[in-house]
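Participant: can you look at this prediction? I've put the sequence above it.
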Amino acid sequence: MNEQRNLQAERDTYDWSGVWGGMRAALSMPGLVMACSFIGFGALINDLGFPLLAGMATIPLIWALPGQVLFITMWQAGVALLLIAAAVSLTAVRLLPMVIGVLAQVRLPGAARWPEFLLAYFTAVTIWVLSVTHLDKVPKRQHLPWLIGLGATLMAAMCFVVPVGYHVADRLPPVLAAGMVFFTPAFFLLSLLASARWRFDWAAIAAGVVLLPLARWYAPDFDLLLAGVGGGTLAFLLFRPRRKGLITEGEPHE
Amino acid sequence: MSEALWIIACMVPAGMGVTYVWRLLGVVAVTRIDPESDILLWVRAVSTALVAALVMRIVIAPSGVLADIPLAARLLAIAAGVAVFALWGRATQAGTFACVIALAGLALVLG
């Protein structure tokens, strides 16, 4: 047992060669799908008459598409800055469980902590999904660097994609423009389905989808929070895994 | 130009600060929480339901160009993507593109 612990301690440094694998992954399919969403975001900036430079600044500053869309929409509607901050922060609450979920999978308990703050900065829905679906073939010590390489590359690439959407938007037929905007919800939903492992995951997806229209009817201003917190809690209570160890057994890379 | 810089100056506290604080709390919390604890499973369930609800909101109550597409087309396009995903061995990308292509096709047929 002690020998095992010593071996574990030796392994507790990150292997930064993993960054390159993450960068390569960013430039393949996940990057393409994300680029389609951000072309839609560029089109939206144009649609609202928001300055392009400030729209691009939302990428490194906020880095979560729902918050970015909210900020530019509310700013253009002339909403008070304090209210914008409150709304953006509410959509960002879901980053807390995502960061915990991602880090719990990839962090090395004995290693330096600063890379975790850096990875948290890049963490958003896409990173969360890829950490569940793409890390199986990556060695454990490369997991965190891999995701940082992926996040940094995606962030840089989206800064080039948004101006393209901004300038192309006016020239696209409305149906194609709508298709571009539709990439985001489609990718979010299918990513959820792809990363679902346990019964409560499926139940949470179903609950969120079913409860949203009801919550919208009941309390339009709090629809997301009601459906999210209510649906998630309901799914958890009804379909909670009963004993410990279930998660570890369920992880393919453990 | 100066307008953009003013917006960016406002965005640092009102966009970046209020967003990163949740990421920061995640980094702090991860060492104190057992990854198999009930609280983490609950948090996972809530975050999953929140994103699912966000998808549903964009589909049933969109703004901008999406709002001009009939609701039936938006709902059917999502169903088509989920069907492709399920039949194609859980292929996320194939399902995503199927959603988008189905939306454009249905918009032309129904619109």
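Facilitator: Structure received.

Participant: what helices or strands is the lowest-mean-pLDDT helix or strand in chain B leaning on?
Facilitator: Within chain B, no helix or strand scores below helix B:38-60, which has a mean of 84 by mean pLDDT, DSSP states H and E. With contacts taken as 3 or more CB pairs under 8 Å, 6 or more residues apart in numbering or on different chains; DSSP states H and E, helix B:38-60 sits against helix A:95-106, helix A:174-195, helix A:199-218, helix A:223-225, helix A:231-239, helix B:71-87. Any C-beta I mention is one placed from the backbone N, CA and C, and that applies to glycine too.

Participant: what angle separates the longest one from helix B:38-60?
Facilitator: In other words, helix A:174-195. Here helix A:174-195 runs at an angle of 160 degrees relative to helix B:38-60 (axes from the mean of the first three to the mean of the last three CA atoms, to 10 degrees).

Participant: name the helices or strands packed onto helix A:174-195?
Facilitator: Under the contact criterion of 3+ CB pairs under 8 Å, 6+ apart, helix A:174-195 touches helix A:29-48, helix A:125-133, helix A:199-218, helix B:38-60, helix B:71-87, helix B:92-110.

Participant: how about a cut-off of 10 Å?
Facilitator: When contacts are defined as 3 or more CB pairs under 10 Å, 6 or more residues apart in numbering or on different chains; DSSP states H and E, helix A:174-195 sits against helix A:29-48, helix A:65-76, helix A:125-133, helix A:143-168, helix A:199-218, helix B:38-60, helix B:71-87, helix B:92-110.

Participant: dump the helices and strands packed on helix B:38-60 to a markdown table, plus mean pLDDT, mean neighbour count and distance to residue A:73.
Facilitator: Output for the helices and strands packed on helix B:38-60, formatted as a markdown table (pLDDT from 0 to 100; neighbours: other CB atoms under 10 Å in any protein chain shown; distance: least, CB to CB, whole Å):
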| stretch | mean pLDDT | mean neighbour count | distance to residue A:73 |
| --- | --- | --- | --- |
| helix A:95-106 | 87 | 24 | 19 |
| helix A:174-195 | 85 | 24 | 13 |
| helix A:199-218 | 94 | 21 | 17 |
| helix A:223-225 | 78 | 21 | 15 |
| helix A:231-239 | 94 | 21 | 25 |
| helix B:71-87 | 96 | 18 | 19 |
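
Participant: between the least confident helix or strand of chain B and helix A:199-218, what angle do the directions make?
Facilitator: 50 degrees.

Participant: and helix B:38-60, C-alpha only, in PDB?
Facilitator: Output of helix B:38-60 as PDB, limited to C-alpha atoms (Å, rounded to 0.1, in the frame of the first residue of the first chain):
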ATOM      1  CA  ASP B  38     -24.200  12.900  -3.400                       C
ATOM      2  CA  ILE B  39     -23.600  16.700  -3.600                       C
ATOM      3  CA  LEU B  40     -21.500  16.300  -6.700                       C
ATOM      4  CA  LEU B  41     -24.000  13.900  -8.300                       C
ATOM      5  CA  TRP B  42     -26.800  16.400  -7.600                       C
ATOM      6  CA  VAL B  43     -24.700  19.200  -9.100                       C
ATOM      7  CA  ARG B  44     -24.100  17.100 -12.200                       C
ATOM      8  CA  ALA B  45     -27.900  16.500 -12.500                       C
ATOM      9  CA  VAL B  46     -28.700  20.200 -12.100                       C
ATOM     10  CA  SER B  47     -26.200  21.300 -14.600                       C
ATOM     11  CA  THR B  48     -27.400  18.700 -17.100                       C
ATOM     12  CA  ALA B  49     -31.000  19.700 -16.600                       C
ATOM     13  CA  LEU B  50     -30.000  23.400 -17.000                       C
ATOM     14  CA  VAL B  51     -28.400  22.900 -20.300                       C
ATOM     15  CA  ALA B  52     -31.300  20.800 -21.500                       C
ATOM     16  CA  ALA B  53     -33.700  23.600 -20.500                       C
ATOM     17  CA  LEU B  54     -31.500  26.200 -22.200                       C
ATOM     18  CA  VAL B  55     -31.700  24.100 -25.400                       C
ATOM     19  CA  MET B  56     -35.500  23.900 -25.100                       C
ATOM     20  CA  ARG B  57     -35.700  27.700 -24.500                       C
ATOM     21  CA  ILE B  58     -33.800  28.500 -27.700                       C
ATOM     22  CA  VAL B  59     -36.000  26.000 -29.600                       C
ATOM     23  CA  ILE B  60     -39.400  27.100 -28.300                       C
END
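
Participant: between it and helix A:125-133, how many degrees?
Facilitator: With the same axes, to 10 degrees defining the directions, helix B:38-60 sits at 130 degrees from helix A:125-133.

Participant: OK, contacts around residue A:165?
Facilitator: A:35-46, A:55, A:172, A:177, A:180-181 (CB atoms under 10 Å, 6 or more residues apart in numbering or on different chains).

Participant: same check on residue A:51?
Facilitator: Residue A:51 neighbours (CB under 10 Å, 6+ apart): A:45, A:57, A:72, A:75, B:1, B:2, B:3, B:4, B:5, B:6, B:7, B:8.

Participant: which SS class is the closest residue to the second one other than its chain neighbours?
Facilitator: Same thing as residue A:57. Among residues not flanking residue A:57 along the chain, residue B:8 sits closest, at 4.6 Å (CB to CB, 6 or more residues apart in numbering or on different chains). Per DSSP: H, G, I helix; E, B strand; the rest coil, the secondary structure class of residue B:8 is helix.
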